[in-house]
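# Curious how this folds, go ahead:
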Amino acid sequence: MSAKTPPLFELRSGTLDTLLFVVKTTDLAKMRAELNRRFDMTPEFFADDLVAIDVRRLPSVQRILVSEVAEMLKTFRMHPAGIIANDAQRPWLQLDTLPFVELRESFITRRNEPASRTLSEGASKVLQVIPHDVIANLHSTFQGEIKPIGNSTTLVIEKPLRSGQQIYAKGDLVVLDLVSYGAEVIAEGNIHIYAPLRGRALAGVHGNCNARIFCMCLEPELISIAGIYRTTETPLSLDILSKSVQIRLANEKLIIEPLRLT
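Residues are numbered from 1 along each chain as shown. The predicted structure follows:
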């Protein structure tokens with residue numbers, strides 16, 4: 001009797017690491033100029049990232065060809081994956097080439113898919129979700145160095161994070177060693193880094209505007225709270241560069257303040 005033929009493919013639910021590109025104008029020329037300005041110094045920063053195009057901030061009387069926005073983002077090496085729109089906008093977006101995705105309180109689903117087929121746990125503005133197999137590999141890599149505090153969801157990382165490594169905490173995240181260039185730490189709550197931060201740190205990723213980042217030596221590629229981010233394209237002032245700081249959000253603006261430790 002012949003052996004059973006293994007399946008040639010599988011369909012599984014999964015997770016996505018996705019940015020939201022929030023459109024606030026229909027002027028594509030101005031939008032392109034702003035993208036050029038922002039990424040002139042760091043052209044590879046968002047290269048190969050998935051992007052969902054969010055048009056909900058447009059006034060109800062304004063329309064835009066999302067396909068043209070998508071093509072523009074591709075020139076910056078981003079990969080548009082879908083459209084986020086309100087109910088009033090959907091009729092004039094029906095003929096666009098990208099599918100609708102919906103932000104829910106705790107997940108994103110494709111249009112017309114049941115909620116049980118979750119594609120990604122979502123944040124309000126920046127969606128940074130780490131696949132379960134990556135988390136499992138990190139637990140194996142750090143061999144017990146990922147430690148929950150008591151019964152809480154706080155995680156403690158005791159070893160340095162190398163380029164390409166990512167950590168996701170459902171609560172607060174405490175890092176006791178270096179976060180290298182190319183490494184990423186992500187938390188639904190606060191992030192505490194008792195060492196240099198040279199990679200990315202994203203706190204409050206489910207829209208928690210009260211989350212904060214505390215760092216002993218600020219030299220980041222990117223910092224973000226509740227989706228509001230800042231990259232190295234905007235140089236840090238000398239009073240906070242390589243200094244101990246706290247980072248908080250006020251009126252959708254990142255506030256970086258020196259920590260007074262004495």
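# burial of Gly164, as a residue count?
Using other CB atoms under 10 Å, Gly164 has 10 other residues around it. In this view, the C-beta of every residue, glycine as well, is placed from N, C-alpha and C.
# repeat for Ala88
Ala88 has 9 nearby residues by other CB under 10 Å.
# Quick check: buried residues in stretch 89-99?
Neighbour counts using 16 or more other CB atoms under 10 Å place Gln89, Leu93, Asp96, Leu98 of stretch 89-99 among the buried residues.
# So what would you say the end-to-end distance of that stretch is?
13 Å (CA to CA, to the nearest Å).
# you'd agree Gln72 is in a helix?
Heads up, residue 72 is Met, not Gln. Yes: under DSSP: H, G, I helix; E, B strand; the rest coil, Met72 falls within a helix.
# Surely it and Glu34 touch.
No: counting by CB atoms under 8 Å, Met72 sits too far from Glu34 to count as a contact (10.9 Å).
# which of these two has more neighbours?
Met72 (17 against 13).
# mind listing what that one touches?
In this structure, Met72 makes contact with Leu28, Met31, Arg32, Leu35, judged by CB atoms under 8 Å, 6 or more residues apart in numbering.
# The third one belongs to a helix?
It stands for Arg32. Yes: Arg32: assigned to a helix according to three-state DSSP.
# Now do it against Ala88, distance only.
Applying CB to CB, to the nearest Å, one obtains 27 Å for the distance of Arg32 from Ala88.
# now swap in the first one and tell me
Distance, Leu28 to Ala88, by CB to CB: 22 Å.
# Share the number of residues neighbouring Leu176, please.
14.
# quick one on the thing from earlier: name the nearest of the buried residues of stretch 89-99 relative to Asp172.
Using CB to CB, Leu98 is the member of these that sits closest to Asp172, with 35.5 Å.
# does that closest one sit in a helix, a strand or a coil?
At Leu98, secondary structure determined by three-state DSSP is coil.
# can you count the residues close to the closest residue to Leu222 other than its chain neighbours?
In space, and not counting its chain neighbours, Leu222 is closest to Arg200: 4.3 Å by CB to CB, 6 or more residues apart in numbering. For Arg200, the neighbour count with other CB under 10 Å is 22.
# who does Arg200 bridge with?
Beta-bridge pairing for Arg200 (DSSP bridges): Glu184, Leu222.
# so where do the helices sit in this protein?
Along the chain, the segments classed as helices by DSSP state H run 28-39, 66-75, 90-93, 132-142.
# Any idea which of these gets closest to Asp172?
Counting by CB to CB, Asp172 lies closest to helix 132-142 out of those; the figure is 16.5 Å.
# what pLDDT, on average, does that closest one get?
Across helix 132-142, pLDDT averages out at 41.
# cool, and stretch 72-89?
Averaging pLDDT along stretch 72-89 gives 90.
# And it, what's buried?
Buried residues in stretch 72-89, counted by 16+ other CB under 10 Å: Met72, Leu73, Phe76, Met78, Pro80, Ala81, Gly82, Ile83, Ile84, Ala85, Gln89.
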